[in-house]
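Novice: Sequence and predicted structure, then a few things I'm wondering about:
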Amino acid sequence: MNQNRWGDEENICTVLGISKGTLTLLRESEYLKEGTHWRERDKIIGTELNTNNKEAQSIIYHLSWCREVISIWESRDAKLPGIRV
């Protein structure tokens, strides 16, 4: 997956090596900011999306920006075993 692409939850979790629960926790705790790290799919027009699901998911994430925040979060707040950042 290209580092500058938006992807659905499944793809982002696979590439970063984290669970969907961890990604949701980071979003709901506002480590990942709406509009920067994640967006509602319906609000993106003309953006190349990377998804394997035929059924559109409502939230998409920016890979490199999420990776950056997760690296900072892990170094300061919590260790995530097996994360690939």
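Specialist: In hand now; what should we look at?
Novice: For the rest of this, base every contact and every neighbour count on C-alpha atoms.
Specialist: Fine.
Novice: Pull out the CA atoms of the helix ranked longest in the chain and give them to me as PDB.
Specialist: The helix that spans the most residues within the chain, counting by DSSP state H, is helix 63-76. Once non-C-alpha atoms are left out, helix 63-76 reads as follows in PDB (Å, rounded to 0.1, in the frame of the first residue of the first chain):
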ATOM      1  CA  LEU A  63      -1.600   5.400   6.300                       C
ATOM      2  CA  SER A  64       1.500   7.500   6.800                       C
ATOM      3  CA  TRP A  65      -0.200  10.000   9.100                       C
ATOM      4  CA  CYS A  66      -1.600   7.200  11.200                       C
ATOM      5  CA  ARG A  67       1.700   5.400  11.300                       C
ATOM      6  CA  GLU A  68       3.400   8.600  12.500                       C
ATOM      7  CA  VAL A  69       0.900   9.100  15.400                       C
ATOM      8  CA  ILE A  70       1.000   5.400  16.400                       C
ATOM      9  CA  SER A  71       4.900   5.600  16.600                       C
ATOM     10  CA  ILE A  72       4.700   8.600  18.900                       C
ATOM     11  CA  TRP A  73       1.900   7.000  20.900                       C
ATOM     12  CA  GLU A  74       3.900   3.800  21.300                       C
ATOM     13  CA  SER A  75       7.100   5.600  22.300                       C
ATOM     14  CA  ARG A  76       5.400   7.700  25.000                       C
END
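Novice: buried stuff in it?
Specialist: 63-67, 69-71 (16 or more other CA atoms under 10 Å).
Novice: Would you map the strands across this structure?
Specialist: For the chain, the strands defined by DSSP state E cover 6-8, 38-40, 49-50, 59-62.
Novice: Compare those strands and give me the one nearest L23.
Specialist: Nearest to L23 among those is strand 59-62 (9.7 Å), distances taken as CA to CA.
Novice: Give the pairing partners of the closest one; include direction for each.
Specialist: Partners of strand 59-62 in the sheet, by DSSP bridges, are strand 6-8 (antiparallel), strand 38-40 (antiparallel).
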